[in-house]
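J.: Need a 3D model of the following:
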Amino acid sequence: MNYENDNGLVLEKELEKALLKIKSLKDENERLRKLLGMKYDSPKASLEDERICEKAANESSDLKNHRKDVPPVHSKSSPQEKISLFRDLFKGRDGVFALRWISKDGKSGYSPACKNDWKSGTCGKFEKITCSKCKNRDLIPLTDEIIYQHLKGEIVIGLYPLLTDETCYFLAIDFDKQEWIEDIKAFNQVCRDINIPSYTEISRSGNGAHIWFFFTEHIPAKIARELGFSLLSVAMDKRHQIGLDSYDRLFPNQDSMPKGGFGNLIALPLQKQARTIDRTVFIDENFKPIKDQWSYLAQAEKCL
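T.: As a prediction, this is how the structure comes out:
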């Protein structure tokens, strides 16, 4: 797909095509039906498209799924109810997650959580061996208990959104730098104009934000990223006088799994320590924190 068209109408058509591929616009339902036989170049995407289209034909009245199997959740709900909702939205790799660390000199970062991390005689870091090449690496799976520790503020974790079959359950777009607030306003206006549900979360630093799009089905990362780039293209066209200079990256940040890696990670929201200063929380159109984060997320609509 060409993302540098000068003609705004062409950009709109590209966006429409990407959205149709993942059946995300309710008012485009009839047009989607005419595209049920569409094939993608990628074999994985082609199979996924056939499966999505078949489901669309059977469930045309439920394009925006409200997760009927998930009970209402609010700020007073039990920890397990909150964890279930959290994992329903923020789905990624279950067999690995990233753990945030801070060194003695104040540097910070994320590394795949390992049972042998800094264990004397076992951890390769003592021998300057990278985690990916360490023969003793024993990855810790992402469990409800880990999510609970994150939400409680005991740890900070990151999720790897790219699954092993090169699909994903959500798309997130990262904005930072000087003009991030105005750029996000312009971007979210585009989403509202075409009826795409998007959810904005203030980053841990407070100097940027993530915009989240959730999917009921795991779809090819390539298609999810096409959606993101198409939305960005239309937003840039509408904000051409400045441009979306604050756009940083997409999550997932790859179409396919990098050899020997997990793809880029994204820090998960609602970490308690950050929440106390209104960071990693979801905000409204006026950039004010939502009062009940859990009730807000429980009503979140999915694009697919």
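
J.: How far does stretch 197-212 sit from its chain's centre?
T.: 11 Å (C-alpha atoms, centre = their mean, to the nearest Å).

J.: For residue 176, give me its contacts.
T.: By C-beta atoms under 8 Å, 6 or more residues apart in numbering, the residues touching residue 176 are 203, 205, 207, 208, 209, 246, 248. Using the backbone N, CA and C atoms, a C-beta is placed for each residue, glycine as well.

J.: Closest one to residue 272 out of the residues you listed, please.
T.: residue 203 (15.9 Å; C-beta to C-beta).

J.: Look at that closest one and report its pLDDT.
T.: Reported pLDDT at residue 203 in the predicted model: 96.

J.: Domains in the chain, by residue range?
T.: Listed by automatic domain parsing, the domain ranges of the chain are 8-76+164-298, 98-140.

J.: most tightly surrounded among those?
T.: Mean neighbour count (mean count of other C-beta atoms under 10 Å) peaks for domain 8-76+164-298 among those, with a mean of 17.

J.: which residues of the stretch 1-150 of the chain score low on pLDDT?
T.: For the stretch 1-150 of the chain, applying pLDDT under 70 flags the ranges 1-71.

J.: Apologies, that question was intended for the stretch 151-300 of the chain.
T.: Scanning the stretch 151-300 of the chain for pLDDT under 70 picks out the ranges 239-243.

J.: Leaving out the residues flanking it, which one is nearest to residue 81?
T.: residue 73 (5.1 Å; C-beta to C-beta, 6 or more residues apart in numbering).

J.: Just list the residues touching that neighbour, thanks.
T.: Residues near residue 73 by C-beta under 8 Å, 6+ apart: 81, 82, 84, 85, 294, 295, 297, 298.

J.: sec struct for residue 142, please.
T.: coil (DSSP: H, G, I helix; E, B strand; the rest coil).

J.: thought it was touching residue 98?
T.: No: counting by C-beta atoms under 8 Å, residue 142 sits too far from residue 98 to count as a contact (9.7 Å).

J.: Quickly list what's touching both of the two.
T.: With C-beta under 8 Å, 6+ apart as the test, residue 142 and residue 98 both reach 157, 159.

J.: ok so the residue nearest to residue 81 is a strand residue?
T.: No: Residue 73 is assigned coil when assessed by three-state DSSP, not a strand.

J.: separation between it and residue 296?
T.: When distance is defined by C-beta to C-beta, to the nearest Å, residue 73 is 10 Å away from residue 296.

J.: Distance of residue 133 relative to residue 246?
T.: 35 Å.

J.: Any chance of CSV for the contacts of residue 176, columns secondary structure and distance to residue 271?
T.: Below are the contacts of residue 176 laid out as CSV (DSSP: H, G, I helix; E, B strand; the rest coil; distance: C-beta to C-beta, whole Å):
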residue, secondary structure, distance to residue 271
203, coil, 11
205, coil, 13
207, coil, 16
208, coil, 16
209, strand, 15
246, coil, 23
248, strand, 20
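
J.: any idea which of those residues is closest to residue 178?
T.: The shortest approach to residue 178 among those belongs to residue 246, at 7.0 Å (C-beta to C-beta).

J.: Let me see the contact set for the spatially closest residue to that closest one that is not a sequence neighbour.
T.: Using C-beta to C-beta, 6+ apart and skipping the chain neighbours, the partner closest in space to residue 246 is residue 180 (3.8 Å). Residues in contact with residue 180 (C-beta under 8 Å, 6+ apart) are 207, 208, 209, 246.

J.: can we see that at 7 Å?
T.: 208, 209, 246 (C-beta atoms under 7 Å, 6 or more residues apart in numbering).
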